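A.B. asks: output the structure for:
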Amino acid sequence: MANTPKYQSLMRFGFTMKEIGLARRKFSDQMHGAEKRGIEFKFTFLEWFEWWMNTGKWNERGNSPEQYCMSRYGDIGPYEPSNVFCNTNYENCRDANLGRKHSDEVNKKKGHPGELNGFYGKTHTAESMEKKRQTYIKNKLAKLTSN
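C.D. replies: Numbers count the residues shown, from 1 in each chain. Below you'll find the model as predicted:
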């Protein structure tokens with residue numbers, strides 16, 4: 001298996017076979033996650049791996065707000081090389097929520113009492129999301145410096 005051109009291509013980045021196996025699992029997780037959400041995933045493993053290598057963010061990928069993910073332009077269309085860019089999870093969520101309204105059902109699930117908290121029916125704006133981001137960063141830094 002290590003002698004196949006595909007794996008030789010990956011090993012040129014300095015990855016061991018074990019690390020390539022872990023990368024294949026991450027690829028599979030992302031592909032199946034997209035399928036569960038009804039989003040087409042058109043990357044091959046090699047394309048996906050090289051895309052991440054070219055971003056320079058391979059070791060900074062993850063699910064935390066400050067970590068990086070593969071985002072789709074306009075949050076529409078398939079995951080394919082021409083329709084994705086590298087973004088933080090925070091920015092990806094912010095962009096996906098711009099202009100969206102919370103429904104009664106979502107407010108109930110999140111524990112929002114609707115109009116009582118002054119949020120029900122309002123849409124997110126770039127300014128409101130930036131304010132939330134700044135507050136998040138400020139709180140995160142305060143927490144880090146207090147330890």
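A.B. asks: quick one, domains of this protein?
C.D. replies: Annotated domains of the chain cover 1-89, 98-147 [automatic domain parsing].
A.B. asks: how about low-confidence regions in this structure?
C.D. replies: Low-confidence segments of the chain (pLDDT under 70): 1-7, 9, 99-124, 129, 133, 140, 144, 147.
A.B. asks: pick the most buried one from the domains of the chain.
C.D. replies: domain 1-89 (a mean of 14; mean count of other CB atoms under 10 Å). Using the backbone N, CA and C atoms, a C-beta is placed for each residue, glycine as well.
A.B. asks: for it, the distance to its chain's centre please.
C.D. replies: 11 Å (CA atoms, centre = their mean, to the nearest Å).
A.B. asks: quick one, helices of the chain?
C.D. replies: Taking DSSP state H, the helices of the chain run over residues 5-11, 17-36, 45-55, 89-97, 104-109, 126-146.
A.B. asks: okay, angle between the last one and helix 89-97 too, please.
C.D. replies: The directions of helix 126-146 and helix 89-97 differ by 160 degrees, with axes from the mean of the first three to the mean of the last three CA atoms, to 10 degrees as the criterion.
A.B. asks: please name every helix or strand in contact with helix 126-146.
C.D. replies: helix 89-97 (3 or more CB pairs under 8 Å, 6 or more residues apart in numbering; DSSP states H and E).
A.B. asks: touching the helix it packs on from outside, list them.
C.D. replies: Outside helix 89-97, the residues that touch it by CB atoms under 8 Å, 6 or more residues apart in numbering are 62-69, 71, 75, 87, 124, 129, 132-133, 136.
A.B. asks: which two in these are spaced the farthest apart?
C.D. replies: For the contacts of helix 89-97, with distances taken as CB to CB, the pair at the greatest spread is G62 and H124 (23.5 Å).
A.B. asks: for the nearest residue to Y79 once chain neighbours are set aside, what are its contacts?
C.D. replies: Among residues not flanking Y79 along the chain, F41 sits closest, at 4.7 Å (CB to CB, 6 or more residues apart in numbering). For F41, the contact set (CB under 8 Å, 6+ apart) comprises Q30, M31, A34, E35, P78, Y79.
A.B. asks: of the residues you listed, closest to L22?
C.D. replies: For the contacts of F41, the nearest to L22 is Q30 (13.1 Å; CB to CB).
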